[in-house]
Structures are given as C-alpha cells and as structure tokens.
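**Student:** what follows is a predicted structure for the sequence shown.
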Amino acid sequence: MTNPRLTLDEAQAFLDANPGVDWIDAFLFDMNGIPRGKRVRRSDLLGIAKNGLMMPSSVFIMDPLGNCVEETGRLWESGDHDHHCHLMSGTLVPIPVGDGRNAQAVMVIDVKDELDPRAVLADQVQRFIRAGQTPVVAVELEFYVTSKATNGAFPPQRPEGLSNDPCQPLTFGFEQMDALAPFIDDVYRICEVQGLPVETVMQETGPGQFEINLKHRPDAVAAALDGLLLKRAVKAAARAHQLEATFMAKPHHDWAGSGLHVHLSLTDGSGQNLFAGDPISPLFRHAIGGMRETMGDFMAVWAQSANAYRRYVPKSYVSMAAHWGFNNRTVALRIPRGNGASTRIEHRVAGADANPYLVIASILAGISHGIANRTDPGPAVEGNSEGVEAPPLPTAWINSLDRFQRSEIVRDAFGAPFQDVFSRLKHAERCNFERIVTPLDHLWYSRVA
C-alpha cells in the first residue's frame, strides 16, 4: 500500500473542474472508524496540497463522542503533539448533493503512528505481500434510513412513504426502494462521482433497512476505505433528503441488526486464487482454521460498541460461535456458492458500526495464524449451526475486551501499543456508558425497588 500525495496539478485540475466548490473536508479515520479532520477553504487548497496540514495525535484516542480519553495514557503524558499530514491522491472529490459547495479528501499522516488503524491494516497486508500473496477484498454494509430527528435524539421511525403494513414483503422486495428511490439515486450518484465501486442494493429485513455491496479489490486497504467512504456517501444523501441514516449494529430491539460482511480471498503472483480447490484448497482450510481459532481474540474489534452486542441474538443470521460452512448463512464463516476464481470466505461477524480497517486486519491476522500453524478447521456445519458445538464468542463487551487485552495473537498482529491503547479506550467508553441511568431503569425498577 502506498499513500500517494495529492499533487498541485491534481488540486488545480479539481478546482478548474468544480468552480462551485467552496469547502473541502479533509479527514482521516480514528479507531472507531469515524472521520475526523478540518474543513478547508477553496482558496487554501493549493497551499495545503503543497505543504500539508497538521492534526493532533489525540485524534487516535477519541471516543465516539469526540472526547480524548485520558485513560489511554496518551494525552497529557505525550503533550498531544501534532502529526504532519498530506491529502491523498485520488481522494479529492466533490459531494454532488445539496448546494454542491462541498468536497472531500482523505488525509494520511506522513510518519507512521502505531495507533493509526489504516497503518495496522497495511502492516497485515504487507505480511502477505512478502509471502507472495495478495488479499482480494470486498465489503458489504447494512444500514437503516429513518425519519429525521426533531429533538436531537435518534428516532427509530419509518420514513414517510414506507408502509406500516406488517404483511408487506420486506426482504428482497422493492417497495421500500421505490419509496426511497430519490435517496438511493443520490447514494449511487455520489458513489459514481467519487469512484466508489458500488454494486447492488437490496431491501433488507428491517423497515427502511438496506444493504449495499462493493466490488472486490486486490488492495485490502483500498477496500476498507471504500467501506468507510460509502458510509459517508449514505449519510450525505440522507441529509440531502431530510432523512437520517445509521450504521448502528442494532438501532431497535425489534428490528434486524446491521452487519459489515467481508468477502476475502488470496491470490498468488500470477493472479490465481489460492483458496480454490476441490472444493477448497488445503491452504484455505488452514485459513479457516486460523479464523475460527482467533475469532474470540478479535471480537472487541468486530463489536466495538455497547450497542453492537445487542445484535448477537439467536435465529438472526448472526452467529454467536466460530462455525464455518458451505453456502450456509447461519455460520460465522461462510463459503459462498462458487468455485475457481470466485472461491472466497464471507466473514459475517462484525457489526455495521465497526471500523473496516480493523475488521479486515483482524481477519487477515486470523488467516495468517492458521496458515502458519496449519490449523485444522474441523468439519463444516450443515443446516442450522446454532445446535452445533463450537468455540463460543464473547458476546459481553467486558469479556471481549479482556480477551483482546490479554491475547498474544492480537499483540503479534497489531502491536502491543495498539492493543493496550485500544483496550483502555474501549474500557473507558464501556464504563462511561454503563454508569448512565436510562429510562429503562426507571420503567423496570423504580416502582418495584
């Protein structure tokens, strides 16, 4: 992976082609996968393309609310020094909704930071590149579209135009897509202008829930960025139509959860799929074994919020154990129908709110572990996996964080500094979340206590 710098010629060509753009959002992504950055005036773009800009190192120790978490030991102790950043070539693009005055560009830091999730994934990819293997990756994302908030709170309500009829077909239907066609049109228009390789959109199980698939890339870092930028495109389109879009893993207890599914294979130097076989290669079996064996170690990455753990419920197509199988949606590690060049794994554990950089890095770490140790995955599951014994996943946040914090596999893959800071960051978030008294506390307990 390279992070090519935006050139002056590229920046000038953009300004010439987009005379209506007045502001450019320059951002990178924190540990949570949230874009953080600065809004740049049109008149300053050429200077920034030439000289770069600064971002504080504390951007990598922020919780979802943007608070710098001092429990990480990286705030006051470090002096919160600046990182020099540059805009990345190929990412300066318009946001063609609303009044057309805005654009965006992805920032990368010039000197590697051990807490940068993009760098964590790049390190995993390089392990495979040195072995003559290339990860080929695609991301699928599920999300909800709801009516716009009027009081600052997220409203779990259907947008206008969506039927309340419980007998109306949802999954794989077209009625909701028809009702929200202008919004979906704008999502795809943004993606096309920005060069995001979107494929199909489908209506999912929940009211106002959709899934958009991205095409495979022989560049895992670029595929992760595709997922992050798709989220931003969906939210921009929603704002333009006075809607809300959320990638929360479980926005309502009665609605289906939203996942981030990753499709991944390995190719050799000639482009041959190393997972292909009859029906799969021995190397693929070892890779599956490694993913199964390490799944619990990385659960804190795939379910990175309190809300994400509400998604793990029975009979919801969300596996709570390290199962694998062929063409079976009840398992965590699914091998979709297909062979030869299309042979791949579909990793189905992560919530839609997870950071794709870290999700893909975790999957690659598991594959690397399995190949290195020639790990046997055991038999594939046929039928419903919920009644089949398998290593359970830690589906309580505190348990997954404790396992992540202790794991030697995580330490080897992500480095001890990242492991330590991520654990501290998320434990602090968990403690802050759990101390809040909610309306449910009052509803359930106030009169009986």
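**Tutor:** That came in fine, so what should we check first?
**Student:** Arg310 is in contact with His253, correct?
**Tutor:** Yes. Using Cβ atoms under 8 Å, His253 is in contact with Arg310, at 6.8 Å. The way it works is simple: take the backbone N, C-alpha and C, and place the C-beta from them, glycine included.
**Student:** so which of those two has more stuff around it?
**Tutor:** Neighbour tally, His253 and Arg310, criterion other Cβ atoms under 10 Å: the higher count belongs to Arg310, 18 against 9.
**Student:** separation between the spatially most central residue of the chain and Glu160?
**Tutor:** What sits nearest the mean C-alpha location of the chain, by Cα atoms, centre = their mean, is Pro356, with 3.1 Å. Look at Pro356 and Glu160: by Cβ to Cβ, to the nearest Å, they are 31 Å apart.
**Student:** pretty sure Cys191 sits in a helix.
**Tutor:** Yes. Under DSSP: H, G, I helix; E, B strand; the rest coil, Cys191 falls within a helix.
**Student:** quick one: the helices in the chain?
**Tutor:** In the chain, the helices defined using DSSP state H lie at 8-17, 45-51, 117-130, 175-179, 181-194, 220-240, 282-294, 299-302, 356-373, 397-406, 408-414, 416-434, 439-445.
**Student:** what's the closest of those helices to Ala249?
**Tutor:** Of all the helices of the chain, it is helix 299-302 that lies closest to Ala249, at 9.6 Å by Cβ to Cβ.
**Student:** how close does Glu434 sit to Arg447?
**Tutor:** Computed as Cβ to Cβ, the Glu434 to Arg447 distance reads 23 Å.
**Student:** who has more neighbours, those two?
**Tutor:** It is Glu434, of Glu434 and Arg447, that has more neighbours when counted by other Cβ under 10 Å, with 10 against 7.
**Student:** now do the closest residue to Ile367 other than its chain neighbours against Asn373, distance only.
**Tutor:** Among residues not flanking Ile367 along the chain, Ala287 sits closest, at 4.3 Å (Cβ to Cβ, 6 or more residues apart in numbering). From Ala287 over to Asn373 the distance is 11 Å, taken as Cβ to Cβ.
**Student:** Ala306 against His427, yeah?
**Tutor:** No. Shown here, Ala306 and His427 do not form a contact pair, counting by Cβ under 8 Å, at 11.9 Å.
**Student:** neighbour count for those two, which is higher?
**Tutor:** His427 (19 against 16).
**Student:** how about that one, nearest residue that isn't a chain neighbour?
**Tutor:** Leu401 (5.7 Å).
**Student:** now do Gln157
**Tutor:** Counting by Cβ to Cβ, 6+ apart, the residue nearest Gln157 is Ser147, at 4.7 Å.
**Student:** could you do Gly340 as well?
**Tutor:** Using Cβ to Cβ, 6+ apart, the closest residue to Gly340 is Ala276 (5.2 Å).
**Student:** who's that neighbour bridged to?
**Tutor:** Ile280 (DSSP bridges).
**Student:** residues in contact with Ala220?
**Tutor:** Leu121, Gln124, Val125, Pro135, Val136, Val137, Leu264, Ile360, Leu364 (Cβ atoms under 8 Å, 6 or more residues apart in numbering).
**Student:** state the distance from the second one to Ile212.
**Tutor:** When distance is defined by Cβ to Cβ, Gln124 is 25 Å away from Ile212.
**Student:** could you do the last one as well?
**Tutor:** Leu364 sits 23 Å away from Ile212 when distances are taken as Cβ to Cβ.
**Student:** residues contacting the nearest residue to Ala365 once chain neighbours are set aside?
**Tutor:** In space, Ala365 comes closest to Ala413 once its chain neighbours are excluded; the distance is 3.6 Å by Cβ to Cβ, 6+ apart. Listed by Cβ under 8 Å, 6+ apart, the contact set of Ala413 reads Gln124, Ala361, Ser362, Ala365, Ser368.
**Student:** Leu45 is in contact with Asn18, isn't it?
**Tutor:** No. If you go by Cβ under 8 Å, Leu45 and Asn18 don't touch, sitting 10.5 Å apart.
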